[in-house]
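Participant: Okay, predicted coordinates and the sequence, questions at the end:
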Amino acid sequence: MNVIAAVFLLKICSVRGFQLNPFTVSTRRQIMQTSLIHPRMQQTSSSVLFSSTQINDSKPKNKRRSNKQYNKKKKRRHEVGAGKELKNPNEVITWRCYGIDVYPDDLGPSQNIDKRKEKRNESNVPSERSYLSQPVINSLLSRLRIKSSEEATDGLPPILKDARVVRRSLDARRRKGSDPKYTYVIDIDLTRQTARNLGLTQQPGRMEVLDDKKLKGQNDTTTAEDSTAKPRIIIVGAGPAGLFCALSLALSGSCTPILLERGQPVEARGKSIGALIHRRCVDPESNFSFGEGGAGTWSDGKLTTRIGRNSGSVRYVLETLVKYGAPERILVEGAPHLGTDNLVRLLRNMREDLRGLGGEIHFGTKASRYLIEDGKIRGVEAECVEVNERSKSKPIDSEAREHESSKTFYGDAVVLATGHSARDVYEELHKSGVELEPKGFAVGFRIEHPQRLINEIQYGKDWGSRVFTKRPSTDTVNTEHFEKLSDGTEELHQGTLPVASYRLATDKAFDGEQNRGAYSFCMCPGGQIVPSSTEEGELCINGMSFSNRDSLWANSALVVTVSQDDPILDKYRSHGCLAGLEFQRDIERKAFKLGGMNMTVPVQRLTDYVNGVVSSSIPESSYRLGAVSAPLHEIYPKPLYNALSYAITEHFEKQMPGFLFEDALLHGVETRTSSPLRLVRNQTTLQAGGVDNLYPAGEGAGFAGGIVSAAVDGLVIADAIKSKFLTSDSDGNGKTFESSKSIGFDY
């Protein structure tokens, strides 16, 4: 029977056209010689094998080109001037050259003289030519690999029809003792044949061909009359929604995304956070909430989502993060996590690529007013502050912008991706007549346990000791904890486990009159608690972890739901749809006062909280600005206190025995789990209600909750914009993204 099956398989192979020639000769010989085949089968086997060879021989073969032919074609393709004959070899085209560097010593004092003449209007030389000194020309010729010529006119060789300085900036960053240098962007005119002879190729951000339409908008000063080849899409906010929207538009090659971020780039944002931690100084524009990457940058970097981890859109987001530096493990792990340290490097890589694709990024640029005329948005007025950016792709005009206090950006559409902490944006939109509606949200505290206790609760005595973070001090504490618990009967294990986490939830948190929802949120194993305030006189907190999750503590938000028509908001109804915002502010001001009005966090033992008494002593906390015992059971309205206490004692402790632990410490307050408002958005066009070409996006607009869902919503908005302004709705990689009904959260 085995032989019959083999012959049958060979017959199938021959019918499907598999090449069996190398196989049949040896196999036929083996089959003929073997004693396993019945003599009656030998002829059949032989005929089958020969027929398979015959069938394959009858089919045309794909002849592979010889190496000699391939090399000749490759050589022709790379020969300078080779290829199709140019139709208009003498047509003059304009190329834009970026990054032409000249040292100040080479320029001499002439540059200052020219600038003074220009101010007094004593020079007839256009400003775009006044900076085109011989050292600049020499650097340009070096970039183009052109030798200086004695026949040069005004320093330019005959093959260059004209040259103009578009921008100049001073790079004063001292790298390994290097001198400051001027960096120029120069437009040059030359014929198509000359460009081919020089071997010029399109290199975004380095060397680009400009068409007539683009030349009309080459001035960086944005005005309402600007006319460019590509739609200009202004994106307010450089969080996940804004960044992925901008990246998708840039990849399409048919839009110019203009990203406005009120905060600092990620490297300078770290300094602002350092000032907050060490000097208790809150920068309202650059902090744990505002800046490149949004609030998620200095958080746990969780990539979990409610919209389906296996969906195509979520997968695309994760693959994109890996492309820019995220570890590949996030594609595999069930609860992917980046950590703040990985996010910093990733964001810088994404920034470089976005600018290389033609996008603009303006840091230190806070949108202050939205220009809405006749029901359509025209642009954004912004306030500008000094930017401290260390980047290869730093904008050429960044030094000039340091002296600007305001600027107006005009565009074809505006995307609002401002994040849930940008309260001034909601207020300005409300004044401008943009439709807003209240939505449910959640408030509460941060709870912190010793990580070793969470390891014990989640893994038990047998496995809890096998948690290793690769940080000796943390691992030693964990090992000693389980050694004290050991009675010698535990099973020994060789495997290792990650630090333990948890998730708790109930919809039966009774507040005395009704049930509310209560749950843990943004759990940070091996993390720390940090201040996330954005205004003076207010205190709210958040949790974060580095990628190794190697601290001694585990923290999580413990929150209770508040509906948009909740009675506890009645005292704030005079603020209309902004009632939820005012409630959050009120709670944060109370927390600030309870902490001593110096960013110290008010705390209370979890056991004392549920009993309604102030803690006489407190354990150590990961919060670096200090902690003080305070009556946190009095900070929220009574229904919220009752609901959270009921959830802790009647549900969370039963779900996770040991959670109600004496050294578990509540920190106040966690108020910004989500936005209490939603911008009304048309379900078909995704534009804001009542305003054309205004696209709300992400968590701040009320349509996402977390890094991944915000990024996906940004992609959805990008598709909507491309669908309206372009003939194709592809993102450049052949991908489009559908909005999910589960994007958008009510608590």
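Facilitator: Cool, the structure landed.
Participant: contacts and neighbour counts: CA atoms only from here.
Facilitator: Noted.
Participant: What segments of the stretch 251-400 of the chain are strands?
Facilitator: With DSSP state E, counting those that start in this stretch applied, the stretch 251-400 of the chain shows strands at 256-260, 360-362, 365-373, 376-384, listed in chain order.
Participant: top strand in the chain by residue count?
Facilitator: When the chain is parsed with DSSP state E, its longest strand is strand 515-531.
Participant: List the buried residues for that strand?
Facilitator: 516-531 (16 or more other Cα atoms under 10 Å).
Participant: Point out where the stretch 401-550 of the chain drops to low pLDDT.
Facilitator: Low-confidence segments of the stretch 401-550 of the chain, defined by pLDDT under 70: 401-404.
Participant: Show me the strands in it, by range?
Facilitator: 406-410, 413-416, 436-438, 441-450, 505-510, 515-531, 541-544.
Participant: could you dump those strands to a markdown table with distance to residue 682?
Facilitator: Below are these laid out as a markdown table (distance: least, Cα to Cα, whole Å):
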| stretch | distance to residue 682 |
| --- | --- |
| strand 406-410 | 23 |
| strand 413-416 | 14 |
| strand 436-438 | 12 |
| strand 441-450 | 22 |
| strand 505-510 | 31 |
| strand 515-531 | 29 |
| strand 541-544 | 32 |
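Participant: from the strands of the stretch 251-400 of the chain, which stretch is densest packed?
Facilitator: strand 256-260 (a mean of 26; mean count of other Cα atoms under 10 Å).
Participant: for it, the distance to its chain's centre please.
Facilitator: Mean C-alpha position of strand 256-260 versus that of the full chain (Cα atoms, centre = their mean, to the nearest Å) differs by 14 Å.
Participant: go on, stretch 329-349?
Facilitator: On Cα atoms, centre = their mean, the centre of stretch 329-349 falls 10 Å from that of its chain.
Participant: which residues are in contact with it?
Facilitator: With contacts defined as Cα atoms under 8 Å, 6 or more residues apart in numbering, stretch 329-349 is touched by 266-267, 292-293, 297-304, 315, 318-319, 321-322, 324-327, 391, 544-548.
Participant: which of the residues in it are buried?
Facilitator: Applying 16+ other Cα under 10 Å to stretch 329-349 flags 330-331, 336-344, 346-349 as buried.
Participant: Stretch 580-594 too?
Facilitator: Buried, per 16+ other Cα under 10 Å, within stretch 580-594: 580-585, 587-594.
Participant: Identify all contacting residues around stretch 582-589.
Facilitator: 537-540, 569, 572, 575, 635-636, 669, 671-672.
Participant: Could you give the average pLDDT over that stretch?
Facilitator: Here stretch 582-589 scores 97 as its mean pLDDT.
Participant: can I get the CA coordinates of it in PDB?
Facilitator: Written as PDB, here are the backbone C-alpha positions of stretch 582-589 (Å, rounded to 0.1, in the frame of the first residue of the first chain):
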ATOM      1  CA  GLU A 582     -14.500  72.100  36.900                       C
ATOM      2  CA  PHE A 583     -15.100  69.100  39.200                       C
ATOM      3  CA  GLN A 584     -11.700  67.800  38.300                       C
ATOM      4  CA  ARG A 585     -10.000  71.100  39.000                       C
ATOM      5  CA  ASP A 586     -11.800  71.400  42.300                       C
ATOM      6  CA  ILE A 587     -10.600  68.000  43.500                       C
ATOM      7  CA  GLU A 588      -7.000  68.800  42.400                       C
ATOM      8  CA  ARG A 589      -7.000  72.100  44.300                       C
END
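Participant: Distance from the chain centre to it, please.
Facilitator: 29 Å.
Participant: got the contact list for residue 209?
Facilitator: 93-96, 202.
Participant: now those: which count as buried?
Facilitator: For these, buried by 16+ other Cα under 10 Å: 93-96.
Participant: Out of the contacts of stretch 329-349, list just those in helices.
Facilitator: Mapping those onto helices (DSSP state H) picks out 266-267, 315, 318-319, 321-322.
Participant: Identify the farthest-apart pair in these.
Facilitator: The span of the ones in helices among the contacts of stretch 329-349, defined through Cα to Cα, is set by 267 and 315 at 27.9 Å.
Participant: ok so, going back, and the strands of the stretch 251-400 of the chain as a markdown table, adding distance to residue 709?
Facilitator: Output for the strands of the stretch 251-400 of the chain, formatted as a markdown table (distance: least, Cα to Cα, whole Å):
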| stretch | distance to residue 709 |
| --- | --- |
| strand 256-260 | 20 |
| strand 360-362 | 22 |
| strand 365-373 | 24 |
| strand 376-384 | 26 |
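Participant: Any chance of JSON lines for these, columns mean pLDDT and distance to residue 618?
Facilitator: Formatted as JSON lines, those follow (pLDDT from 0 to 100; distance: least, Cα to Cα, whole Å):
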{"stretch": "strand 256-260", "mean pLDDT": "96", "distance to residue 618": "43"}
{"stretch": "strand 360-362", "mean pLDDT": "95", "distance to residue 618": "45"}
{"stretch": "strand 365-373", "mean pLDDT": "93", "distance to residue 618": "41"}
{"stretch": "strand 376-384", "mean pLDDT": "94", "distance to residue 618": "44"}
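Participant: Those: which one's closest to residue 436?
Facilitator: That would be, of those and by Cα to Cα, strand 365-373, which comes in at 15.1 Å.
Participant: helices or strands up against that closest one?
Facilitator: strand 256-260, strand 376-384, helix 423-431 (3 or more Cα pairs under 8 Å, 6 or more residues apart in numbering; DSSP states H and E).
Participant: Would you check how far apart residue 489 and residue 456 are?
Facilitator: 16 Å (Cα to Cα, to the nearest Å).
Participant: that older thread, just tell me which of the helices and strands packed on strand 365-373 ends up closest to residue 558.
Facilitator: helix 423-431 (22.9 Å).
Participant: Please name every helix or strand in contact with the closest one.
Facilitator: Counting by 3+ Cα pairs under 8 Å, 6+ apart, helix 423-431 packs on strand 365-373.
Participant: okay, the angle between the strand it packs on and strand 256-260?
Facilitator: Relative orientation of strand 365-373 versus strand 256-260 (axes from the mean of the first three to the mean of the last three Cα atoms, to 10 degrees): 120 degrees.
Participant: Strand 365-373 pairs with which strands?
Facilitator: Strand 365-373 has its sheet partners listed here by DSSP bridges as strand 376-384 (antiparallel).
Participant: Need the residues that contact the strand it pairs with.
Facilitator: Counting by Cα under 8 Å, 6+ apart, 234, 364-372, 401-402, 404-414, 691-694 sit against strand 376-384.
Participant: Okay, angle between that strand and strand 406-410 too, please.
Facilitator: 150 degrees.
Participant: Kindly export strand 376-384 (C-alpha atoms) in CSV.
Facilitator: Presented in CSV, the C-alpha positions along strand 376-384 are these (Å, rounded to 0.1, in the frame of the first residue of the first chain):
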residue,chain,number,x,y,z
LYS,A,376,-15.1,76.4,8.2
ILE,A,377,-11.8,76.4,10.0
ARG,A,378,-9.0,78.4,8.2
GLY,A,379,-6.0,78.0,10.6
VAL,A,380,-4.6,78.4,14.0
GLU,A,381,-3.0,81.2,16.0
ALA,A,382,-0.3,80.0,18.2
GLU,A,383,1.9,81.3,21.0
CYS,A,384,5.6,80.4,20.6
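Participant: Might you calculate how far it sits from the centre of the chain?
Facilitator: On Cα atoms, centre = their mean, the centre of strand 376-384 falls 23 Å from that of its chain.
Participant: Identify the residue spatially nearest to residue 201, adjacent ones excluded.
Facilitator: residue 207 (7.2 Å; Cα to Cα, 6 or more residues apart in numbering).
Participant: scratch that, residue 516
Facilitator: residue 509 (5.0 Å).
Participant: pretty sure the one you found contacts residue 646?
Facilitator: Yes - assessed by Cα atoms under 8 Å, residue 509 is found in contact with residue 646 at 5.8 Å.
Participant: Which of those two has more residues huddled nearby?
Facilitator: Per other Cα atoms under 10 Å, whichever of residue 509 and residue 646 has more neighbours is residue 509, with 26 against 19.
Participant: follow-up on the earlier one: could you redo the helices and strands packed on strand 365-373 as JSON lines and give each row distance to residue 483?
Facilitator: Output for these, formatted as JSON lines (distance: least, Cα to Cα, whole Å):
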{"stretch": "strand 256-260", "distance to residue 483": "54"}
{"stretch": "strand 376-384", "distance to residue 483": "57"}
{"stretch": "helix 423-431", "distance to residue 483": "50"}
